[in-house]
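Trainee: fold the stuff below for me.
(2 chains)
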There are 2 protein chains.
Amino acid sequence: MQLLKDKIVKYGEVLSGNVLKVDSFINQQIDPELTMEIGQQFYRLFKDKNITKIVTIESSGIAFGLATAIAFGNIPLIFAKKHFSVLSNNYYQTNVYSFTKKTNYVVSIEKDFINEQDNILIIDDFLANGNAVIGLVDLVTQAKANVNGIGIVIEKAFQDGHRRVEKLGYHIESLACIERFEDGEIFFR
Amino acid sequence: MQLLKDKIVKYGEVLSGNVLKVDSFINQQIDPELTMEIGQQFYRLFKDKNITKIVTIESSGIAFGLATAIAFGNIPLIFAKKHFSVLSNNYYQTNVYSFTKKTNYVVSIEKDFINEQDNILIIDDFLANGNAVIGLVDLVTQAKANVNGIGIVIEKAFQDGHRRVEKLGYHIESLACIERFEDGEIFFR
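Mentor: Below you'll find the predicted structure:
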């Protein structure tokens, strides 16, 4: 998606440890026009997949999840929460290991919101090692719903998330796929 | 806003401690149509206030903030993050006390995203004691920007947030204002 790549080149900052800082239009400030266009693009990519609901994870996935839910004709958006619920009986929960923070965290979705009739499109802002997305897949699978697609805004292709997710048999698409960083410059695949 | 009140009555659950659970359309599952209508309603209420940016707080504020930013003609949305940044130099930060969790947490906004020319509309999903909103007001004020309005989706009028915010001199509007809970029933003002 050219508009997105242009933004990444113009406003993204490459920090140490292969971190891409895109707070000015993805992770803290949101550009509504770009966000809605991203939703439209996910619709174009997955419109034949009989999607019934969008699933994402708080916080940065929510805006892109909402834009996608609107593009699909106002289907429900569910965002998984990064916390452990003591009411564990009412929630699907799974552990996700964060390489950035070097800790495990729990993500959860209330059981009422997904069921076995659902065809889910998972949306997230970033794909690196794939742990967050694989956690979301686990939640959807616990609900016996189908994961009919995975849409990623920015993928770091030099980490192994894409390979891991495809190996599980899922259809995954990224709107901007970064091959490498070199001297602070961003190279797309 | 009648559509919102109807949803609250139909799907809201009153839990112990005057907690209103609206996870099925506000706090975990999002109804895109209702959400966009809420954005339109905030636009109608604040359209004469020369708003340049929307400020909200993660996570549940993001969807309503985005809907409002779209209704205002695609102005930027900024969501404050609930974490302390060690790069404190680049962030406006403030402490918020959570009565629910009985702890302080830090909310932060990167300095680049708000400046003294900005007229800010603060959006949040809930108003109870007002601490989160007053924290957002503090961040905007640190940036020397103007708080030209505060829009709340659901207000618990029996707690003192509204009074505290008005006392500070701000224009605040709530789309559904709950006067009391009684035997699990919800009474609006």
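Trainee: give me the distance from the helix or strand A:L4 falls within to the chain's centre.
Mentor: Secondary structure from DSSP states H and E places A:L4 in helix A:2-11. Distance of helix A:2-11 from its chain centroid, counting by Cα atoms, centre = their mean, to the nearest Å, is 18 Å.
Trainee: quick one: secondary structure of the spatially most central residue of chain A?
Mentor: Residue closest to the average C-alpha location in chain A (Cα atoms, centre = their mean): A:D124, at 1.1 Å. Recorded secondary structure, A:D124: strand (DSSP: H, G, I helix; E, B strand; the rest coil).
Trainee: ok, and the closest non-adjacent residue to it?
Mentor: Nearest residue to A:D124, sequence neighbours excluded (Cβ to Cβ, 6 or more residues apart in numbering or on different chains): A:G61, at 4.9 Å. Quick note: C-beta positions are derived from backbone N, CA and C, even for glycine.
Trainee: tell me the confidence at that neighbour?
Mentor: A:G61 is assigned a pLDDT of 98 by the prediction.
Trainee: can you report how many residues lie near it?
Mentor: The tally of other residues near A:G61 (other Cβ atoms under 10 Å in any protein chain shown) stands at 27.
Trainee: what residues are up against it?
Mentor: For A:G61, the contact set (Cβ atoms under 8 Å, 6 or more residues apart in numbering or on different chains) comprises A:F79, A:I123, A:D124, A:D125.
Trainee: and the helix ranked longest in chain A, what does it pack against?
Mentor: Longest helix of chain A, by residue count under DSSP state H: helix A:32-46. When contacts are defined as 3 or more Cβ pairs under 8 Å, 6 or more residues apart in numbering or on different chains; DSSP states H and E, helix A:32-46 packs onto helix A:2-11, helix A:61-71, strand A:119-127, strand A:146-156, strand A:172-182, helix B:61-71.
Trainee: send the alpha carbons of it over as CSV?
Mentor: What follows is helix A:32-46, C-alpha atoms only, in CSV (Å, rounded to 0.1, in the frame of the first residue of the first chain):
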residue,chain,number,x,y,z
PRO,A,32,-8.1,9.0,10.4
GLU,A,33,-7.9,9.2,6.6
LEU,A,34,-5.0,6.7,6.3
THR,A,35,-6.6,4.5,8.9
MET,A,36,-9.9,4.3,7.0
GLU,A,37,-7.9,3.6,3.8
ILE,A,38,-6.1,0.8,5.6
GLY,A,39,-9.5,-0.7,6.5
GLN,A,40,-10.6,-0.5,2.9
GLN,A,41,-7.5,-2.2,1.8
PHE,A,42,-8.1,-5.1,4.2
TYR,A,43,-11.6,-5.3,2.8
ARG,A,44,-10.3,-5.6,-0.7
LEU,A,45,-7.8,-8.4,0.3
PHE,A,46,-10.3,-10.4,2.4
